[in-house]
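>>> return a 3D structure for these sequence lines:
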Amino acid sequence: MAYGSAADAVDEYLCLGESTALSCLKHFTEAIISLFGDEYLRRPTAVDLQQLLDVGESRGFPRMIGSIDCMHWVWKNCPTAWKGQYTRGSGKPTIVLEAVASHDLWIWHAFFEPPDRAPKVKYYVNGNQYRYAYYLTDGIYPKWATFVQSIPLPQDLKTRCFAKHQESVRKDVERAFGVLQARFAIVKNPALIWDKQKIGNIMRACIILHNMIVENERDHYNLVDTTEFEQGDLTRCSQVDMSFSTDLASNIGNMIGIRNEIRDRKTHDLLQADLLEHMWHKFGHLEDY
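Now for the predicted structure:
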């Protein structure tokens, strides 16, 4: 996994056949997921979420819980019948990993669809109230209330300030993908396995091991100062709604209502405008644009 070598690369040196090496890889990834998946691929707890909100607020994006983007893993041995549905502009079949990463490169979610849900938090920005946290994205994502994109071709000082900080903070997920590929060359080189489930297990195992390393190393550095929020909720403008539960009984009416709220274009535009004013008020006097 670390070197991305072929399965038969050590058949003479270690007298380990190709089929045995692939079987060891399969059992190793399944064991990693079974033993550590619940902890290192977990959803953010209330404590985790409040920490993410504090970090986002200190960086100028209150209520932001991470950045989201896609990574394409070339599938060299994709079956011919499937190549059409897995091929994009490059002409090579790829498997898409979509993930959410935080400032410390911890990968919180790994999935194959945009998140159609978001944690519920209490928040006011520029005098307006919002109900859901959001992710920073690039321009390929839809204009939903849970996605905040940069401003293309900013013309004035306010939009330049917002675009500069949004694009800077959004690079967290890009950095996470780069570190993941540097640590595990198997996800950087083209996938040689035929089975989609085995490929998915390899990716999940690599993410779990990556998060283990992040947990072990992040106590030795502090990228963001959140001491101003240690006094309690009075110093925060973003708070987790502890009374909110995702285990409540749901019906089709509630699901449609929440779905419409998350996909509301008007809320997205209003949130982006409020964040632009908030960003200018926080950083506009500090830098020359």
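>>> make it CA atoms for all contacts and neighbour counts henceforth
Noted.
>>> just want the phi and psi numbers for the residue most central in space within the chain.
Nearest to the geometric centre of the chain sits residue 100, at 0.8 Å (C-alpha atoms, centre = their mean). For residue 100, the backbone dihedrals (degrees, to the nearest 10) come out as phi -110, psi 130.
>>> that one and residue 66, how far apart?
Separation of residue 100 from residue 66 (C-alpha to C-alpha, to the nearest Å) stands at 6 Å.
>>> please apply the same query to residue 273.
Residue 273 is 19 Å from residue 66, by C-alpha to C-alpha.
>>> who's more crowded, these two?
For residue 273 versus residue 66, neighbours defined as other C-alpha atoms under 10 Å are more numerous around residue 66 (28 against 15).
>>> which SS state does that one fall under?
strand (DSSP: H, G, I helix; E, B strand; the rest coil).
>>> and the next helix or strand past the lowest-mean-pLDDT helix or strand in the chain?
The weakest-scoring helix or strand in the chain, judged by mean pLDDT, DSSP states H and E, is strand 238-240 (a mean of 61). Per DSSP states H and E, strand 238-240 leads on to helix 252-262 as the next helix or strand towards the C-terminus.
>>> figure out how far that following helix is from the centre of its chain.
23 Å (C-alpha atoms, centre = their mean, to the nearest Å).
>>> any idea of the mean pLDDT in it?
Mean pLDDT, helix 252-262: 81.
>>> swap in stretch 148-160?
The average pLDDT within stretch 148-160 is 92.
>>> what's in contact with it?
134-139, 143, 162-163, 166-167, 268, 272, 276-277, 280, 284, 289 (C-alpha atoms under 8 Å, 6 or more residues apart in numbering).
>>> what do you get if the cut-off is 7 Å, keeping everything else the same?
134-139, 163, 166-167, 272, 276, 280, 289 (C-alpha atoms under 7 Å, 6 or more residues apart in numbering).
>>> drop anything exposed from those residues.
Buried members of the contacts of stretch 148-160, counted by 16 or more other C-alpha atoms under 10 Å: 134, 135, 136, 137, 138, 163, 166, 167, 272, 276, 280.
>>> sitting in helices, which of those do you find?
Among the buried ones among the contacts of stretch 148-160, the residues falling in helices (DSSP state H) are 163, 166, 167, 272, 276, 280.
>>> from the residues you listed, which single one is nearest residue 22?
residue 167 (40.3 Å; C-alpha to C-alpha).
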